[in-house]
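*Asks:* Provided below for reference: sequence and predicted model.
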Amino acid sequence: MAVKEFVYLAFAGLAAGYALLHVVLRGSKPQAVNNPTFISFQKRYFVAYFLALMADWLQNPYLYKLYSHYGFLEPQIAVLYVCGFASSVVFGAFTHTLADRYGRKKLCITFCIVYSISCFTKLSTSYTVLIFGRILGGISTSLLFTAFEAWYVHEHVETHDFPKEWLTLTFSTASHWNGVFAISAGIVANIFAGVLSLGPVSPFILAIPFLVASGAIVAVSWTENYGENKRSFSKTCSEGARNIGSSKKIVLIGAMQSLFESVMYIFIFIWTPVLDPHHPPLGIVFSTFMICIMIGTTIYNYISSFTQAASTFVNISIVMALTSTVICVGSTKPGDEHPTVSYAAFLLLELACGMYFPAMGFLRSRILPEAHTVGIMNWFRLPLNLIACIGLMVLHGDPSTSGTRHMFIICSGLLALALFCGIQFAALTKDDERLKHQPVDAEANGNL
């Protein structure tokens, strides 16, 4: 079966499967809140945030294709991706501090402006301009996933004094619609870039009105708020480093996150050059990835309602991802490529991601001290991005066809190491669970 037909078949099957799974496993819906003030406030946040999300997702399916369309070689494109990753991690380390000091509303508006400029740079074929655009894109991404949520939490708790339990209602709704918008963005991008033949730059231009609308709503209807955290960036990082050094569990969580998520960063770059030579509908491919993530998350949410063995879910996710990359080592062999096998393996990888991220988020919430989470996460991001950037630069420094296969070999090694750390973490937390039932030394041992 040709790749194009297989992609459409997978999309239809996965969409139907997710719809069925959602109906069967959704269980009872959370109790609705009938407070009209809360509903009005929540909608005001959703409209601006969802417009920003849609603009972000529209840019994902055709980024590599755009650079390739402009005639850049794979090593040059790798540098562009690295610039985006690097700017995200560098600026992301300061985002919380900037939001607290200068205001969350201002940073949300800044996000809309900076991201719009980044989209406009995609019209240029100048390599320098495109690098500048990627740097702006990395900065924008760090703002999107920090400033909006920080603004909402402050308004919810401090300004309106709504119950903290209602935060879950907002974030669970936002998470669901985030997936819906991601799938929709892939379809819309495919229509504009493929069906209407407007080219791979069209989704980036289409994103600009969404950003303008989001920024306008924030400017007109949101109030400004600031944080009360007065700690300097250096103090935040030093406190985070001390916490990491004092806990083996935190070290293992950091190792698992850095190893697993660096593979995800590499995958963001590598999936297009693997599939694009066979002319699949890239937007629909992206949508199938997003459906797989939602399926994985739904499965995790259902099973976790019966058990809190999050470390087991993380390890299962790592095993699934490792299986995917090992399959890709064989399916991307130069001269003997099997794109449909690679695509199926990619779907398995995305399914693993859907289970991994909520499970890892739960582990972090239980193990990382809340007061020092920002500092600890800043340190976690450093090896994560270093691994991804070094991998892309080294293995794609030579535009040979074997670079992709070597990349999957390296990814398999990284995931094998992540699994080793996951097994160590599971054994450590199992010992803690056993010790906490003993009358002596129970409180002297940390437990999950």
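*Replies:* Cool, got the structure. Residues are numbered from 1 along each chain as shown.

*Asks:* element containing residue 40?
*Replies:* Assigned by DSSP states H and E, residue 40 belongs to helix 36-58.

*Asks:* what's the distance between residue 340 and residue 115?
*Replies:* To residue 115, residue 340 is 35 Å away according to CB to CB, to the nearest Å. C-betas here are computed from N, CA, C, even on glycine.

*Asks:* who's more crowded, those two?
*Replies:* Counted by other CB atoms under 10 Å, residue 340 and residue 115 do not tie: residue 115 has more neighbours, with 27 against 19.

*Asks:* Can you get me a residue count around the closest residue to the more buried one other than its chain neighbours?
*Replies:* Closest residue in space to residue 115, ignoring its immediate chain neighbours: residue 140 at 3.9 Å, by CB to CB, 6 or more residues apart in numbering. Neighbour count for residue 140, taken as other CB under 10 Å: 29.

*Asks:* do the same with the one 4 residues further on
*Replies:* Neighbouring residues of residue 144 were enumerated by other CB under 10 Å; the total is 22.

*Asks:* Quick check: it vs residue 262, distance?
*Replies:* From residue 144 over to residue 262 the distance is 21 Å, taken as CB to CB.

*Asks:* cool, and residue 50?
*Replies:* Per CB to CB, residue 50 is found 29 Å from residue 262.

*Asks:* and those two? which has more neighbours close in?
*Replies:* residue 262 (25 against 17).

*Asks:* Helix, strand or coil: sort out the residue nearest to residue 115 for me.
*Replies:* Following DSSP: H, G, I helix; E, B strand; the rest coil, the label given to residue 140 is helix.

*Asks:* Let me see the contact set for it.
*Replies:* Applying CB atoms under 8 Å, 6 or more residues apart in numbering, one finds that residue 140 lies in contact with 56, 111, 114, 115, 118.

*Asks:* let's go with 6 Å and repeat that
*Replies:* Residues near residue 140 by CB atoms under 6 Å, 6 or more residues apart in numbering: 111, 114, 115, 118.

*Asks:* Now, of those, which are buried?
*Replies:* Neighbour-count burial (16 or more other CB atoms under 10 Å) applied to the contacts of residue 140 gives 111, 114, 115, 118.

*Asks:* tell me which residues of stretch 117-136 are tucked away?
*Replies:* 117, 118, 119, 121, 122, 130, 131, 132, 133, 134, 135, 136.

*Asks:* shaky segments in the stretch 301-448 of the chain?
*Replies:* 307-308, 370-379, 395-402, 431-448 (pLDDT under 70).

*Asks:* Swap in 80 and give it another go.
*Replies:* Applying pLDDT under 80 to the stretch 301-448 of the chain flags residues 305-309, 368-386, 391, 393-403, 429-448.

*Asks:* Same question for the stretch 151-300 of the chain.
*Replies:* Scanning the stretch 151-300 of the chain with the threshold set as pLDDT under 80 gives 227-247.

*Asks:* Would you map the helices across it?
*Replies:* 166-190, 202-221, 233-245, 248-275, 282-304 (DSSP state H, counting those that start in this stretch).

*Asks:* mind putting those helices in a markdown table, distance to residue 311 included?
*Replies:* Shown next, in a markdown table, are the helices of the stretch 151-300 of the chain (distance: least, CB to CB, whole Å):
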| stretch | distance to residue 311 |
| --- | --- |
| helix 166-190 | 22 |
| helix 202-221 | 37 |
| helix 233-245 | 18 |
| helix 248-275 | 9 |
| helix 282-304 | 12 |
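
*Asks:* of those, which approaches residue 17 most closely?
*Replies:* For residue 17, the closest of the helices of the stretch 151-300 of the chain is helix 282-304, at 6.8 Å, according to CB to CB.

*Asks:* Can you give me the buried ones in the helix or strand following that closest one?
*Replies:* Next helix or strand after helix 282-304 toward the C-terminus (DSSP H and E): helix 310-331. Buried residues in helix 310-331, counting neighbours by 16+ other CB under 10 Å, are found at 310-311, 313-329, 331.

*Asks:* returning to what we had before: quick check: strands, which of the buried ones among the contacts of residue 140 are part of them?
*Replies:* Assignment to strands by DSSP state E places none of those there.

*Asks:* And those, which is closest to residue 252?
*Replies:* Nearest to residue 252 among those is residue 111, at 33.5 Å by CB to CB.

*Asks:* my guess is that closest one contacts residue 141, does it?
*Replies:* No: assessed by CB atoms under 6 Å, residue 111 is found out of contact with residue 141, at 9.0 Å.
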